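S.K.: Would you be able to build a 3D model of this:
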Amino acid sequence: MQVLSRNLERKIAMNEEFTFNIKRISFDEDYRPAENTRITTNFANLARGANRQENLRNALKMIDNRFNALANWDNPNADRYSVELEIISVEMNIGAEGDGNAFPLIEVLKTNIVDRKTNERIQGVVGNNFSSYVRDYDFSVVLPEHNKNRPDFSIPDNFGDLHGKLFKSFLNSGAYKENFDKPPIICLSASSSRTYRRTENQHPVLGIEYHQDEFSSTDEYFRKMGLKVRYFMPPNSVAPLAFYFLGDLLGDYTNLELISTISTMETFQKIYRPEIYNANSAAGTCYQPSLKHQDYSLTRIVYDREERSRLAIEQGRFAEEHFIKPYKTILEQWSANYAI
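M.R.: Now for the predicted structure:
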């Protein structure tokens, strides 16, 4: 990346000259990750190795099956709908024209719904999966180094502040507004360090709502991104999912939009965290997720979880070397002056 001029430093410090580019690529059984794709991303991880095409085909079939099971009205053969997925890659440009200073900031998924009965293609939800080099840096570099010689785990001051402001800046950008009509929904696993309690609230698609005993470090991190969280266990699921959102989760999205998120992200969680999401018994009134749980089933999809954890550290170091350190002063000035 190039050295920035004094004039450009001043503009960036005044909340100018950070712009975003959006790139789209279909996630289907022929998908191959680009060289600059985060290799720990759920979808990229599935598309590697000798079983890549079978992995992708099976995962996409799981998504379609789950969607039709939830969207069961006027769908007697459970085959009315299919889900098409797009990988949305967001680059942040430093400088008015980028000037070669583009950094791969975020990757998310966009769902699109195909109604085979009406031959209609329906917009789904942007977000779903969430990947970020800066988040890898925060959780895989900053947090471990902060706690290296501490007897008790703690969170550093200002942890996640920069990442949260970068995310808000993207949502407020012309690039986001030109491409997407609604705010994102990010859907993640429930935290294995927290206890969840079933409530009486039940939604026809999202299912039974759970409340937790206290927020996790991930919840706090997403709060700095401007996102609230609610936990729901959809019908015929075995564990609650965490839904991070702006606005009104239950009121701002159609049932089909919500189903597209559930079917996509529950499929990923069954693959990556089968101990929780492919368990053979469902969460009870009081529930604590555990990756040590033994009573679960495996999918037919190959996945190396240990490799994924190791690569997250490598990618955190990449962000440190190519983004955080070269632009430390610029980013600190911009963050200090950023107005929500």
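
S.K.: start to end distance for stretch 281-298?
M.R.: By Cα to Cα, to the nearest Å, the extent of stretch 281-298 from end to end equals 14 Å.

S.K.: what mean pLDDT does stretch 92-99 have?
M.R.: Regarding stretch 92-99, the rounded mean pLDDT is 65.

S.K.: Could you list the low-pLDDT ranges of the stretch 151-300 of the chain?
M.R.: Along the stretch 151-300 of the chain, segments meeting pLDDT under 70 are nowhere present.

S.K.: who's in contact with the spatially most central residue of the chain?
M.R.: Central residue check for the chain by Cα atoms, centre = their mean: the C-alpha nearest the mean position is that of Phe130, 1.9 Å away. In this structure, Phe130 makes contact with 106-108, 186, 188, judged by Cβ atoms under 8 Å, 6 or more residues apart in numbering. C-beta: built from backbone N, CA, C; applies to glycine.

S.K.: From the rest of the structure, what touches stretch 259-273?
M.R.: Everything outside stretch 259-273 that qualifies as a contact, by Cβ under 8 Å, 6+ apart, is 42, 46, 59, 62-64, 66-67, 70-71, 83, 85, 109, 111-113, 124-125, 127-129, 185, 187-189, 205-206, 234, 237, 241, 243, 276-278, 291, 299, 301, 303, 305, 308.

S.K.: Alpha carbons of that stretch, in PDB - could you do that?
M.R.: Listed next in PDB are the C-alpha coordinates belonging to stretch 259-273 (Å, rounded to 0.1, in the frame of the first residue of the first chain):
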ATOM      1  CA  ILE A 259     -36.400 -18.200   6.400                       C
ATOM      2  CA  SER A 260     -33.600 -17.600   3.900                       C
ATOM      3  CA  THR A 261     -31.300 -16.500   6.700                       C
ATOM      4  CA  ILE A 262     -32.300 -19.400   9.000                       C
ATOM      5  CA  SER A 263     -32.000 -22.100   6.300                       C
ATOM      6  CA  THR A 264     -28.600 -20.800   5.200                       C
ATOM      7  CA  MET A 265     -27.000 -20.200   8.600                       C
ATOM      8  CA  GLU A 266     -28.400 -23.200  10.300                       C
ATOM      9  CA  THR A 267     -27.000 -25.400   7.600                       C
ATOM     10  CA  PHE A 268     -23.500 -23.800   8.100                       C
ATOM     11  CA  GLN A 269     -23.800 -24.300  11.900                       C
ATOM     12  CA  LYS A 270     -24.800 -28.000  11.500                       C
ATOM     13  CA  ILE A 271     -21.600 -28.500   9.500                       C
ATOM     14  CA  TYR A 272     -19.200 -26.400  11.700                       C
ATOM     15  CA  ARG A 273     -20.700 -26.900  15.100                       C
END
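
S.K.: Tell me where the stretch 101-250 of the chain has strands.
M.R.: Across the stretch 101-250 of the chain, reading from the start of the chain, the strands by DSSP state E, counting those that start in this stretch fall at 103-115, 120-132, 185-189, 196-203, 207-212, 228-233, 241-245.

S.K.: Give me the distance between Gly284 and Val108.
M.R.: Look at Gly284 and Val108: by Cβ to Cβ, to the nearest Å, they are 32 Å apart.

S.K.: swap that for Glu84, sorry
M.R.: Distance, Glu84 to Val108, by Cβ to Cβ: 15 Å.

S.K.: Which parts of this protein are helices?
M.R.: Secondary structure of the chain by DSSP state H: the helices cover 6-13, 42-46, 52-70, 133-137, 143-146, 161-171, 174-179, 217-223, 255-272, 274-277, 305-319, 328-337.

S.K.: Dump these into JSON lines; add mean neighbour count and distance to Pro33 as well.
M.R.: Compiled in JSON lines, those are given as follows (neighbours: other Cβ atoms under 10 Å; distance: least, Cβ to Cβ, whole Å):
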{"stretch": "helix 6-13", "mean neighbour count": "15", "distance to Pro33": "31"}
{"stretch": "helix 42-46", "mean neighbour count": "24", "distance to Pro33": "4"}
{"stretch": "helix 52-70", "mean neighbour count": "19", "distance to Pro33": "10"}
{"stretch": "helix 133-137", "mean neighbour count": "23", "distance to Pro33": "15"}
{"stretch": "helix 143-146", "mean neighbour count": "14", "distance to Pro33": "26"}
{"stretch": "helix 161-171", "mean neighbour count": "20", "distance to Pro33": "22"}
{"stretch": "helix 174-179", "mean neighbour count": "13", "distance to Pro33": "22"}
{"stretch": "helix 217-223", "mean neighbour count": "19", "distance to Pro33": "25"}
{"stretch": "helix 255-272", "mean neighbour count": "24", "distance to Pro33": "16"}
{"stretch": "helix 274-277", "mean neighbour count": "20", "distance to Pro33": "23"}
{"stretch": "helix 305-319", "mean neighbour count": "16", "distance to Pro33": "12"}
{"stretch": "helix 328-337", "mean neighbour count": "15", "distance to Pro33": "27"}
